[in-house]
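Colleague: A predicted structure for the sequence below; I have some questions about it.
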Amino acid sequence: MTALITPADRIYVAGHRGMAGSAICRALERAGFHQLLTASRSELDLLDGSAVEAWFTKHQPTVVVLAAAKVGGIAANSSYPADFLLENLKIQTHVIETAWRSGVRRLLFLGSSCIYPKFAEQPIREEALLTGALEPTNEWYAIAKIAGIKLCEALRQQNGFDAISLMPTNLYGPGDNYHPTNSHVLPALIRRFHEAAESKAPTVSCWGTGSPLREFLHVDDLGDACLFALEHWKPSLDELAFLNVGTGIDLSIRELSQGVASATGFTGMIHWDTSKPDGTPKKQLDVSRLATLGWRARIPLAEGLASTVMMFREQLSKELVRL
C-alpha cells in the first residue's frame, strides 16, 4: 500500500499527555515521524474555539489525531453527565471543524466502543451504530463520541474532508488513570489488588457478579493501529469511515480479576458485591474489517497485565501514577 502520511507531515496529536495520545506519539516516533505538534492544556484550551483557531493558524498542522477527551468510569459518568457531554462536544467540534477549515490533509478521530447499543448483537460490527439504546452508565460520553464520528462523516460527504475514525475497545497500559472512583475497570482492579497484596488483606471486594464479558486492548497496540490507519487506510466516500480496534477476544470480569490478582501477587479471597451494577452483559468487537486491511493486535493480555502492574508499581514508588 502507498503511505498516506510521510515524515515530512506536521502531525498534531491532541491529547498527547493522555494514555491513548501518548501511545500514539510513541508509535509515530518509532516509525520515524518526528515533526509532532503537541500542546498541553495550559498552552491550548480545546474548549476555547478561538484559541484553537489561532493555534492552527500559527502551527499549520497537515495531519491531526484527535485523542483528547474527557474520560472516566461509571461513577464519573453518572456524577457529571453534563460535563461529559458538553466538554467532549466542544473539544471535538473545535478541533475537527478547525482542521477542515485550515486545510488539514488527514484527520483521525478516536472514538470508543461505548458508542454501540447496550444489547448489540455480538461480536459488535460497525453497522450496529445507532440501532438501539445505549448503556445508561456512559450514554453521555457515548452520545458525544457518536456526534464526533458523524461530524467526520458529514464533512467527508459534503466537503471531501479526509476524516477517519477508530473505535477502540477497553484500553489499559502506560499512562492509565488509577483514581479509586473515576478510573475504568482494569486500572481500578490493579490498584485495588496491589493495595490488598501490599497490606496482606484477606479479601478484595469487586463490583457486581463478575459475569459480564469484556475485551481489553493494550494501549501500545492502539497506537500501532492508529499509525497503520493513518498510513494505509483511505475509505471511499461510499464506505464506512470508522473501524473497530480490539483483540476480538473477551473474558469475564471474574477471570480478569483472577488475572490481576495473580499479576499483583494477591492470594486472598475475592468477594463479589452483587448490590453494585454489572453494566453491559457482553461487549466484544468484531475486528474483522481492520484485520482484512492487514492489522491485528499483538500484545496478549497476560503479558500486558504483567508489564502494566510492574510499571504501575515503579511509577507509584516515584509518585508518578495518576491517582
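Modeller: Thanks, I have it.
Colleague: just checking, residue 39 touches residue 55?
Modeller: Yes - counting by CB atoms under 8 Å, residue 39 does reach residue 55; the two are 6.5 Å apart. Placement of C-beta: from N, CA and C, glycine included.
Colleague: now the strands for the stretch 1-150 of the chain?
Modeller: All strands of the stretch 1-150 of the chain, identified by DSSP state E, counting those that start in this stretch, fall at 11-14, 36-37, 63-66, 106-110.
Colleague: which one of those strands lies nearest to residue 45?
Modeller: Across the strands of the stretch 1-150 of the chain, residue 45 has its closest neighbour in strand 11-14 (11.7 Å, CB to CB).
Colleague: which helices and strands does the closest one pack with?
Modeller: When contacts are defined as 3 or more CB pairs under 8 Å, 6 or more residues apart in numbering; DSSP states H and E, strand 11-14 sits against helix 19-30, strand 36-37, strand 63-66.
Colleague: can you give me the pLDDT of residue 155?
Modeller: Looking at residue 155, its pLDDT reads 97.
Colleague: now it. Nearest residue, chain neighbours left out?
Modeller: Of all residues not flanking residue 155 in the chain, residue 161 sits nearest, at 4.0 Å (CB to CB, 6 or more residues apart in numbering).
Colleague: if we can go back for a sec, among the helices and strands packed on strand 11-14, which is nearest residue 77?
Modeller: helix 19-30 (17.2 Å).
Colleague: model confidence over the closest one, on average?
Modeller: Rounded mean pLDDT across helix 19-30 is 98.
Colleague: hey, C-alpha coordinates of it in CSV?
Modeller: C-alpha atoms of helix 19-30 as CSV (Å, rounded to 0.1, in the frame of the first residue of the first chain):
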residue,chain,number,x,y,z
MET,A,19,-2.9,7.3,27.8
ALA,A,20,-4.1,7.0,24.2
GLY,A,21,-2.4,10.1,22.9
SER,A,22,1.0,9.3,24.4
ALA,A,23,0.8,5.8,22.9
ILE,A,24,0.0,7.3,19.5
CYS,A,25,3.0,9.7,19.9
ARG,A,26,5.3,6.7,20.8
ALA,A,27,4.1,4.8,17.7
LEU,A,28,4.6,7.7,15.4
GLU,A,29,8.1,8.5,16.7
ARG,A,30,9.1,4.8,16.4
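Colleague: would you turn the strands of the stretch 1-150 of the chain into JSON lines with mean neighbour count, distance to residue 136 and mean pLDDT?
Modeller: Below are these laid out as JSON lines (neighbours: other CB atoms under 10 Å; distance: least, CB to CB, whole Å; pLDDT from 0 to 100):
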{"stretch": "strand 11-14", "mean neighbour count": "26", "distance to residue 136": "28", "mean pLDDT": "98"}
{"stretch": "strand 36-37", "mean neighbour count": "18", "distance to residue 136": "38", "mean pLDDT": "98"}
{"stretch": "strand 63-66", "mean neighbour count": "26", "distance to residue 136": "26", "mean pLDDT": "98"}
{"stretch": "strand 106-110", "mean neighbour count": "24", "distance to residue 136": "23", "mean pLDDT": "98"}
